[in-house]
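Trainee: Please find the sequence and the predicted model below.
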Amino acid sequence: MTDKARARKLADRIQVVVAETLQRRVKDPRLGFVTITDTRVTGDLREATVFYTVYGDDTDRQAAAAALESAKGILRSTVGKETGVRHTPSLTFVADALPDNARNIDDLLDRARQIDAAVRTTAAGKTHAGDADPYKVPASERDDEDE
């Protein structure tokens, strides 16, 4: 096992190498809107998981996944040359769920804003039930406490 700092440095380097290779060397039109978002390397430096996002619909995502799988050999050999590690890690490409999660959170926040606005319009012009100070002590009891 290696230290986590070395694995993190290798993951950062792999992310840069894969992104640059996709941009400059791999000439597949299906990879036009692919962004490499993160890379994680196992503790033994044998496997690297590369997370990516694709701008477009589901067919674009499927085409990009197929293109990344077909370019895996070129990408792995380039990573091996650029990083200089003894064993080049195997690459696994995973579609990043972060944009979908962010979109879901935005939808939930919009829904909460709409519900809050409905509550505000319902509460407009209404008064609280009961007195403003529910713990108000009658004057006769206050006089008894002062003595």
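Mentor: That came through fine.
Trainee: Strands of this protein, residue ranges please.
Mentor: Here the chain has its strands, by DSSP state E, at 34-41, 47-54, 90-95.
Trainee: what's the closest of those to residue 116?
Mentor: strand 47-54 (31.3 Å; CB to CB). In this view, the C-beta of every residue, glycine as well, is placed from N, C-alpha and C.
Trainee: Just the helices from the protein, written as ranges.
Mentor: Shown for the chain, the helices assigned by DSSP state H span residues 4-24, 58-70, 72-83, 98-123, 139-146.
Trainee: before we move on, back to that, would you mind giving the strands of the chain as CSV with mean pLDDT, distance to residue 110 and mean neighbour count added?
Mentor: Output for the strands of the chain, formatted as CSV (pLDDT from 0 to 100; distance: least, CB to CB, whole Å; neighbours: other CB atoms under 10 Å):
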stretch, mean pLDDT, distance to residue 110, mean neighbour count
strand 34-41, 90, 24, 20
strand 47-54, 91, 22, 20
strand 90-95, 91, 25, 16
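Trainee: Format the ones you listed as JSON lines; extra columns: distance to residue 121.
Mentor: Output for the strands of the chain, formatted as JSON lines (distance: least, CB to CB, whole Å):
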{"stretch": "strand 34-41", "distance to residue 121": "41"}
{"stretch": "strand 47-54", "distance to residue 121": "39"}
{"stretch": "strand 90-95", "distance to residue 121": "41"}
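Trainee: Next, name the residue at the spatial heart of the protein.
Mentor: The residue lying closest to the centre of the chain (CA atoms, centre = their mean) is residue 98, at 3.2 Å.
Trainee: Pull the contacting residues for that one.
Mentor: With contact taken as CB atoms under 8 Å, 6 or more residues apart in numbering, residue 98 is in contact with 37, 53.
Trainee: just to revisit the earlier point, export the helices of the chain to CSV and append columns for distance to residue 48.
Mentor: As requested, the helices of the chain are exported to CSV (distance: least, CB to CB, whole Å):
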stretch, distance to residue 48
helix 4-24, 5
helix 58-70, 13
helix 72-83, 8
helix 98-123, 18
helix 139-146, 74
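Trainee: Same list (those helices) but as TSV, adding mean pLDDT and distance to residue 39.
Mentor: Listed next are those as TSV, based on pLDDT from 0 to 100; distance: least, CB to CB, whole Å:
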stretch	mean pLDDT	distance to residue 39
helix 4-24	89	4
helix 58-70	88	13
helix 72-83	90	10
helix 98-123	88	14
helix 139-146	63	70
